[in-house]
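In: give the three-dimensional model of this entry:
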Amino acid sequence: MKKYFIFLYIFTSLKISAQTFNEEKTSMINYVRRMYNSSPFEGAKLIEGNENSYYIAAINLPINNISNDSNNLIALKKAQEAGKITFAEPCIKFEMLSSDIDNNKKTITYLFSFQPISDFIKICYKKQPFDGAKIISAPSNNYFVSVIALDFQKYSSESMMDRLALLKAKQQANTLFNGSVLSSDIVIQTEETTGKTVSTESIREQSMGFVEGIELLSKYVVSEKKVFVFYKELKK
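Out: Residues are numbered from 1 along each chain as shown. A predicted model of the protein is given here:
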């Protein structure tokens with residue numbers, strides 16, 4: 001009997017959580033559709049709500065005889081392109097919110113929600129700090145993303161941190177794609193005149209190749225560390 005009540009409690013809790021999630025999602029979709037209907041647009045934009053903000057892409061396609069799946073895929077790829085053009089960076093986590101037919105205009109309007117990569121990485125890092133490389137999938141492309149977190153106290157200038165962050169990002173890419181072998185040493189030195197302790201980092205690498213096209217996506221400060229996010233677009 002005790003096990004039955006425990007099972008019933010867990011089942012009820014999961015059901016309530018699912019209902020809450022679905023209600024919140026339905027509320028978000030209805031809000032986005034109202035905002036779109038009050039001020040139609042085509043492309044991508046940020047819609048500001050009272051409590052949340054939503055990245056939305058609106059894609060209009062002509063009604064034709066091709067399958068719904070084909071139309072959905074075309075709309076999805078156009079939404080990805082619109083997000084990248086509007087926010088000047090790759091966007092991920094695309095989800096179709098609605099597809100509405102206008103018989104008068106003979107068009108279908110698709111609404112998608114999505115998230116820029118920089119926002120996604122920042123949210124993930126604040127939840128659980130990490131340092132390393134990831135491959136993130138999107139509808140048309142994959143993206144190599146490198147996150148480098150450097151301690152302000154270990155470096156004498158921001159320009160030095162910028163150079164080291166880029167070097168580390170390239171090394172992470174080289175390790176992932178070409179199988180390079182890396183080693184690093186931290187050297188602690190004390191200046192005789194000031195008695196100040198200074199740390200320097202020496203990095204050595206034996207690599208099988210070289211990776212080009214690593215770009216800085218964003219950088220920000222979290223808990224006395226400067227976090228750098230680099231990326232490279234990978235064709236599927």
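
In: mind listing the strands for the chain?
Out: Applying DSSP state E to the chain gives strands spanning 43-48, 53-62, 91-102, 107-116, 132-137, 141-151, 181-190, 197-206, 215-222, 225-235.

In: how about CSV for these, with mean pLDDT and mean neighbour count added?
Out: In short, each C-beta sits where N, CA and C put it, glycine included. Formatted as CSV, the strands of the chain follow (pLDDT from 0 to 100; neighbours: other Cβ atoms under 10 Å):
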stretch, mean pLDDT, mean neighbour count
strand 43-48, 94, 16
strand 53-62, 95, 18
strand 91-102, 92, 16
strand 107-116, 95, 21
strand 132-137, 87, 14
strand 141-151, 90, 20
strand 181-190, 46, 10
strand 197-206, 52, 12
strand 215-222, 91, 14
strand 225-235, 90, 19
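
In: make a markdown table out of these and add distance to residue 169.
Out: Converted to a markdown table, the strands of the chain look like this (distance: least, Cβ to Cβ, whole Å):
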| stretch | distance to residue 169 |
| --- | --- |
| strand 43-48 | 27 |
| strand 53-62 | 25 |
| strand 91-102 | 19 |
| strand 107-116 | 19 |
| strand 132-137 | 8 |
| strand 141-151 | 4 |
| strand 181-190 | 13 |
| strand 197-206 | 12 |
| strand 215-222 | 8 |
| strand 225-235 | 4 |
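
In: tell me which of the ones you listed sits nearest to residue 30.
Out: Counting by Cβ to Cβ, residue 30 lies closest to strand 91-102 out of those; the figure is 9.6 Å.

In: just list whatever residues bridge to the residue nearest to residue 136 when sequence neighbours are not counted.
Out: Spatial nearest neighbour of residue 136, excluding adjacent residues (Cβ to Cβ, 6 or more residues apart in numbering): residue 143 at 4.8 Å. Using DSSP bridges, the beta-bridge partners of residue 143 come out as residue 136, residue 233.

In: residue 224 and residue 151 touch, don't they?
Out: Yes: judged on Cβ atoms under 8 Å, residue 224 makes contact with residue 151 at a distance of 7.0 Å.
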